[in-house]
Each structure stands twice: as structure tokens, then as C-alpha cells.
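Chemist: Below is the structure, and that's it, no one-letter string:
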């Protein structure tokens, strides 16, 4: 689900002029070097993870049915990337009749896909092209339990078919957290604004998420989580160093962020889930980001994934979600008008059957 973000600032003074981001993004195309690389140290003697990074990629969390294996050959990847580029170019054609595009039925036209920045290449780890971030289970799919899948379908149905008030709408529409699980943890790639800035101090690591300009603080001073009734957005994160790797454990998730809908990167996490992340700088231009999700209330097993986070030009500009964002008032106003007229809004089937 995605709000209408016409008023959000991004990289230029023109609200949604994001096309330049598509040109410079280094994306998930850098091969990791040999394992002998060691990250430089910062002033505190820690491995230096600081900088601006992106996880923009054509690879998604779950493996599409068209792929049967975790990896592809370079030739297969290039062919797919070319097809995606052609589809992207077609999406970017003018759709506004005033710009010369033929009108389609009663469609008033749109503003094409120039503002999106999903990535232009598939993810590569150790030089091998990945078809999914999930590595366990081996099929690259989320291992929902029967009860967990039903909870996911119920939550998605409510999110797509509830217009009684803002509390029922997804967090991205409400400008609380970014769409999908971009804020994390785990931090997943979405349609655009896939940049992260990492800043370190002696006692903490801060991860700034471009969308929705969220900042997660990882404490390095202790591993004790707060009482169960303390549940901040993005959970409570504690971390420690294991050699060159920053390990982060997050618990105490807010119930309001259980559903994180975004196409094949959608996930459901119960409030009592535990996410363990590992950040390892494997080259000057890449961090290997690995994570596992332990959530018996939702999944039949612990599942694991890994993705590259590649160096990106900075700085990360403010994602001003509320500025000119008419999606939420428009959705609710439409629902109130339907109520007044005695009309029932048609529900969306999300069962997948």
C-alpha cells in the first residue's frame, strides 16, 4: 500500500522529481571481495560502519515462483534486468492526456513512474546473483504456520478494507513509519527512498531510515530489554560486537506495527517476535546485512535472510511525509461520503485463493 506522496521532498527542490536517483543509485550490483577484508576502525576502536547505504534492488524478500534456485547466472540476471528496465521505461511514459498520451476510458491520467526508485539490478552477494533475500527455508518463502498465515490474511484484509478512522490505516499512510518494513527491523527494500545513514558513538549506533525519516538507536552498553509493557516503534534494540560484526537483537515490538504490507516483501511479526541482525562491512562499498526472525506465534520455524547494503551518495534528505500528503484525508473523506449516500465500499479479497 502506498500513500499519494506528491508533496514529499526528495533530493531536489521539486517535490517528486526522483528520476535522478534512478541514474546514480549503485544498488545491489557490487560483488563482495575476499573474506580477508577487514573494516577500518573508528575513533572508538570499533569497525567503522558509518556512511550512507542503500538496499534498493530488484531482488525481494521472498523468491518469486519463476525462480527455482537461490542464485542465477550473470547471463540470466542481465536478461531479467533488461526486461525490467524495458517495463520501467514503459511505465514512465506520459499518462496525462495534456502531455500527448491518449486517454484511457475515463482515466484522468497520472504522473507516471519517475518518482519511483526500486533499483535496477538484482542483489549480489559474494559475486552471486540472488533471487531472494530469504536463505532459510531453502524455498525462499516465508514459513507461516497455519495460524500465522490466517493472522496475516486477517490483518491485511482489515488494512485494505477498513476506513472508519485513521487508526485502522497502515502506518505508512499515517506518516508514522515507512511503508513495508523499510524502518525495520528487519530493514527491507521498498519502492523508493531505500537509503540509510549509520552513525556510531562509543555507546550506541544510530540508523537513520530515509523513509519515514525514522531513527533507530541501538544501545551498546547492555543487553537488557525493558519490561514487556514498553513497546516503542521499531522495537527495543541492543547490540554488541563480535569481531568485525555488529550484532543487534530487537524485541518489544509495538503491536501497531505487526503488519508491514509491501507486495512480496510483506511480513507479519507478532509483538513478541525477536529479530537478530548482523552488520559486517565486507568492502569499502558494501555491508553484508544478515538477519533472522524468531516468532513462534507466526512462523513454523526461525527464518533467515541476507542482503547487501551498498554505499550510496549522501546526504539523506528529510522525508517530509505530512507535507502535502492528501492520501489519508482523501481516503477517509471518500468513505464518509459513501456512508452518507448509503453505499457500501467493495471489499478487497486478500486471501490469495
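Modeler: Received, thanks. Keep in mind it's a predicted model, so treat the numbers as computed, not measured.
Chemist: where along the stretch 1-150 of the chain do the strands fall?
Modeler: With DSSP state E, counting those that start in this stretch as the criterion, the stretch 1-150 of the chain has strands at 51-54, 71-72, 124-125, 128-130, 134-136.
Chemist: Of all these, which one comes closest to residue 310?
Modeler: strand 51-54 (5.7 Å; C-beta to C-beta). C-beta: built from backbone N, CA, C; applies to glycine.
Chemist: just to revisit the earlier point, can you list the strands of the stretch 1-150 of the chain in a markdown table and add mean pLDDT and distance to residue 320?
Modeler: Shown next, in a markdown table, are these (pLDDT from 0 to 100; distance: least, C-beta to C-beta, whole Å):
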| stretch | mean pLDDT | distance to residue 320 |
| --- | --- | --- |
| strand 51-54 | 97 | 19 |
| strand 71-72 | 96 | 38 |
| strand 124-125 | 96 | 33 |
| strand 128-130 | 97 | 33 |
| strand 134-136 | 98 | 33 |
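Chemist: any idea which of those is most buried?
Modeler: strand 124-125 (a mean of 24; mean count of other C-beta atoms under 10 Å).
Chemist: Pull up the pairing partners for it, direction included.
Modeler: Here strand 124-125 is paired, per DSSP bridges, with strand 128-130 (antiparallel).
Chemist: ok so, going back, can you lay out the strands of the stretch 1-150 of the chain as JSON lines showing distance to residue 212?
Modeler: Below are these laid out as JSON lines (distance: least, C-beta to C-beta, whole Å):
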{"stretch": "strand 51-54", "distance to residue 212": "16"}
{"stretch": "strand 71-72", "distance to residue 212": "33"}
{"stretch": "strand 124-125", "distance to residue 212": "28"}
{"stretch": "strand 128-130", "distance to residue 212": "27"}
{"stretch": "strand 134-136", "distance to residue 212": "25"}
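Chemist: now for the ones you listed, which one comes closest to residue 195?
Modeler: The closest of the strands of the stretch 1-150 of the chain to residue 195 is strand 51-54. By C-beta to C-beta, the value is 5.1 Å.
Chemist: and the gap between residue 50 and residue 207?
Modeler: From residue 50 across to residue 207, the span is 11 Å (C-beta to C-beta, to the nearest Å).
Chemist: Much appreciated, bye for now.
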